[in-house]
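In: could you look at this predicted model? Sequence included:
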Amino acid sequence: MSFEAALREAGAKPAGKRPWFLDEDVETVLAITLSISQELSVARQRVDTLERILEAKGILSRTEIENFVPDKQAAEERAMWVQEYIARVLRVLQQRGEAANVPEDVASEDLGDEIAR
Amino acid sequence: MKQNPETSAPAYDGPPDYRVVGRHAVFPETTHDEVERINYLAQMNRHLSTSVVPGVRAAFDTVVAPEFEKKNGREIANRHEARKALLDNYTFCFWSAARRATMEQRQQAGRWTAIRQRDQLARIADDLTKGDDRLQLDPSLAIPRYVSGVDHHCMPGSYHSEYFPGDVTNGANYDHAGFVTTAGLLGKYSDGGGKAVVNWVKKNLTDFQPTDILEIGGTVGHSSLPIAEAFPDAQLTVVDIGAPVLRYALARAKSLGVENVRFVQASGEDLSRFPDASFDWIQTTMFLHELSTSALRKIFSETRRLLRPGGIVLHVEQPQYSATMPLFEQTMRDWDAFYNNEPFWSRMHEIDLEQQMVEAGFDRENIIHGAVTGVVDRDLFPDAADDESEDFGRKAAWHVIGGRV
């Protein structure tokens, strides 16, 4: 069995037509979002496992983590990481906002027609 | 909010960590992240039932039902009208979309775990079952439309599909990740239903000493093994239509030290391989809803034919719809029929089962009605009798209907 085949089979559609409760596109995005929510939970649990094992081995204490105070430079780097992260996640909202400001914006398809003349 | 008296922190209320589940030789290995995927889904189902469903109920009471009345000049008459009206409500639709998504995520998670090690699982199952006449498969068995048409509870390939000779993938998937839906309410070995049945029988039929017991639709043996263990001098026969689940079931049973059980591939509709009056006790547990009207009738007739004088048949199922069950509850319980590939669920839960039993030849005065809740190790698992959450149609609280010959 190939890795690709296993992946495909794990995510196989069950027999039976799928119901859609929302607009099909909206529900598709919701399903993707819920899967990402699941994977975020899995990653968070893995970090927790790591912390607990390291603590049990005396390598760090979780109190140390809870009381961690970044110095000024570290705090700024971390804050910027969060800003960058949010901007990545909400890119589509940014672009919808920008679009509202350019009513004269032209679609590539239309420009293509125009410049082909 | 409940408080933990020792730490004054909020007390935990919810499913146990998946790592408390009982394992056996053919149980798939799970990585850290695979376990957490299951934990997440159990929590998501709990969240949907405890935090989102109340909003659906409120929307039904304050928006959907009043709007229906305004539009139609009368109240909603039945669960079908209620469901169709709810489909215009976004609270219901978002809950439904999320619930459907968790079903699909659960299947993908469980299948990935089972598929990636299925060669190994097949080898283990083969080592445990090779040459053992307690596994009787029938490759010529036709899979009925009510099983093959749509895959029950969105489980790709259902109970019967096998991907190579000796495959147990679908048994392993069904067994190890069912925790997502039951949130631990069925206990360490998903056997809380079987234990509940045993307790019911020992309490209500004190002098009953069966020697031959039949379970129809036993899949991997979750509800079967407690019966075999409670009556060690009896022989338990489990029939099911799915070869992968039966192979898995015998390997699982032997690994758990239960020897007085055999697994036979057959349809409950045609048990002609067994002569009349072969069994003292016939059991089905959460099985009837995966049939069809004609299959249910045939199975009821077969159970009557196969029972010895003094014998009993017991069917454990979610409660039937009745005039006293609120319309909202009926509608929510019906969800699986339409949106989780349980095509007989709706019809089955409105059938007059007692009448069906009578038509199959049972005397009306010998019909049995009862109620049971899942029996679990309460140190580790939530007890269904105390559980206040209501995940409609999924809770480990069942009705028993049966008959004595």
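Out: Everything's here; your move.
In: over in chain A, which residue gets nearest chain B? Let me know.
Out: Sorted by distance to chain B under Cβ to the nearest Cβ, the residues of chain A start with A:Gly16, at 3.0 Å. Quick note: C-beta positions are derived from backbone N, CA and C, even for glycine.
In: which pLDDT does the model give B:Glu6?
Out: What the model reports as pLDDT for B:Glu6 is 71.
In: picking that back up, measure how buried the residue of chain A closest to chain B is and give me the count.
Out: By the criterion of other Cβ atoms under 10 Å in any protein chain shown, A:Gly16 has 14 neighbours.
In: likewise B:Ala230?
Out: 17.
In: that one and B:Leu48, how far apart?
Out: Note on B:Ala230: its distance to B:Leu48, by Cβ to Cβ, to the nearest Å, is 35 Å.
In: check A:Phe21 too.
Out: 13 Å.
In: B:Ser190 too?
Out: For B:Ser190 relative to B:Leu48 (Cβ to Cβ), the value is 21 Å.
In: tell me which of these two has more neighbours.
Out: Taking neighbours as other Cβ under 10 Å, B:Ser190 and B:Leu48 compare with B:Ser190 leading, 25 against 17.
In: in space, what's closest to that one - neighbours in sequence excluded?
Out: B:His222 (4.3 Å; Cβ to Cβ, 6 or more residues apart in numbering or on different chains).
In: how about the secondary structure of residue 16?
Out: Because you didn't say which chain, this covers chain A. With DSSP: H, G, I helix; E, B strand; the rest coil as the basis, A:Gly16 sits in coil.
In: chain B is the one I meant
Out: Applying three-state DSSP: B:Pro16 is coil.
In: what's the neighbour count on it?
Out: 20.
In: so what's the nearest residue to it once chain neighbours are set aside up against?
Out: Of all residues not flanking B:Pro16 in the chain, B:Gly184 sits nearest, at 4.8 Å (Cβ to Cβ, 6+ apart). Neighbouring residues of B:Gly184 by Cβ atoms under 8 Å, 6 or more residues apart in numbering or on different chains: B:Pro15, B:Pro16, B:Val20, B:Ala42, B:Val376, B:Leu380, B:Phe381, B:Pro382.
In: select only the buried ones of those residues in ChimeraX?
Out: Only the buried members of these enter the following ChimeraX selection, criterion being 16 or more other Cβ atoms under 10 Å in any protein chain shown:
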select /B:15,16,42,376,381,382
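In: could the contacts of B:Gly184 go into CSV alongside pLDDT, distance to A:Trp81 and secondary structure?
Out: Converted to CSV, these look like this (pLDDT from 0 to 100; distance: Cβ to Cβ, whole Å; DSSP: H, G, I helix; E, B strand; the rest coil):
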residue, pLDDT, distance to A:Trp81, secondary structure
B:Pro15, 88, 33, coil
B:Pro16, 88, 35, coil
B:Val20, 89, 37, helix
B:Ala42, 91, 32, helix
B:Val376, 73, 45, coil
B:Leu380, 70, 40, coil
B:Phe381, 70, 41, coil
B:Pro382, 68, 39, coil
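In: closest to A:Val42 among the contacts of B:Gly184?
Out: B:Ala42 (13.1 Å; Cβ to Cβ).
In: so the closest one sits right up against B:Ala183, yeah?
Out: Yes. Using Cβ atoms under 8 Å, B:Ala42 is in contact with B:Ala183, at 4.8 Å.
In: so what sits against both of the two?
Out: B:Gly14, B:Pro15.
In: now for the closest residue to B:Lys188 other than its chain neighbours, how many residues are close by?
Out: Among residues not flanking B:Lys188 along the chain, B:Gly22 sits closest, at 4.0 Å (Cβ to Cβ, 6+ apart). Residues lying near B:Gly22 (other Cβ under 10 Å) number 13.
In: and what of the one 5 residues further on?
Out: Applying other Cβ under 10 Å, we find 20 other residues in the vicinity of B:Phe27.
In: how is it assigned, secondary-structure-wise?
Out: Classified using three-state DSSP, B:Phe27 is coil.
In: quick one, what contacts it?
Out: Counting by Cβ under 8 Å, 6+ apart, the residues that B:Phe27 touches are B:Ala172, B:Asp175, B:His176, B:Arg252.
In: what's the pLDDT at it?
Out: 98.
In: can you pull the phi/psi pair for it?
Out: phi -70, psi 130 (degrees, to the nearest 10).
In: in helices only, show me the contacts of B:Phe27.
Out: Counted as lying in helices by DSSP state H, out of these, are B:Ala172, B:Asp175, B:His176, B:Arg252.
In: please enumerate the strands of the stretch 51-200 of chain B.
Out: B:135-136 (DSSP state E, counting those that start in this stretch).
In: how about the residues of it near chain A?
Out: B:87, B:90, B:92-94, B:96-98, B:100-102, B:104-105, B:107-108, B:111-112, B:115-116, B:118-119, B:148-151, B:154-158, B:163 (Cβ under 8 Å from any Cβ of the partner chain).
In: now list the buried members of these.
Out: Buried among these by 16+ other Cβ under 10 Å: B:92-94, B:96-98, B:100-102, B:104-105, B:107-108, B:111-112, B:115-116, B:118, B:150-151, B:154-158, B:163.
In: circling back to that earlier point, closest one to A:Ser35 out of the contacts of B:Gly184, please.
Out: Nearest member of these to A:Ser35, counting by Cβ to Cβ, is B:Ala42, at 15.8 Å.
In: list the residues that contact that closest one.
Out: B:Gly14, B:Pro15, B:Tyr18, B:Phe179, B:Val180, B:Ala183, B:Gly184.
In: helix or strand next in line after the worst-scoring helix or strand of chain A on mean pLDDT, which one?
Out: Ranked by mean pLDDT, DSSP states H and E, the weakest helix or strand in chain A is helix A:91-100, scoring a mean of 80. Tracing the chain C-terminally past helix A:91-100 and defining elements by DSSP states H and E, one meets helix A:108-116 next.
In: contact partners of that following helix?
Out: So helix A:108-116 is contacted by A:Val106 (Cβ under 8 Å, 6+ apart).
In: mind checking how far that helix is from the chain centre?
Out: A distance of 34 Å separates the centroid of the chain from that of helix A:108-116, by Cα atoms, centre = their mean, to the nearest Å.
In: please consider this matter closed, and thank you.
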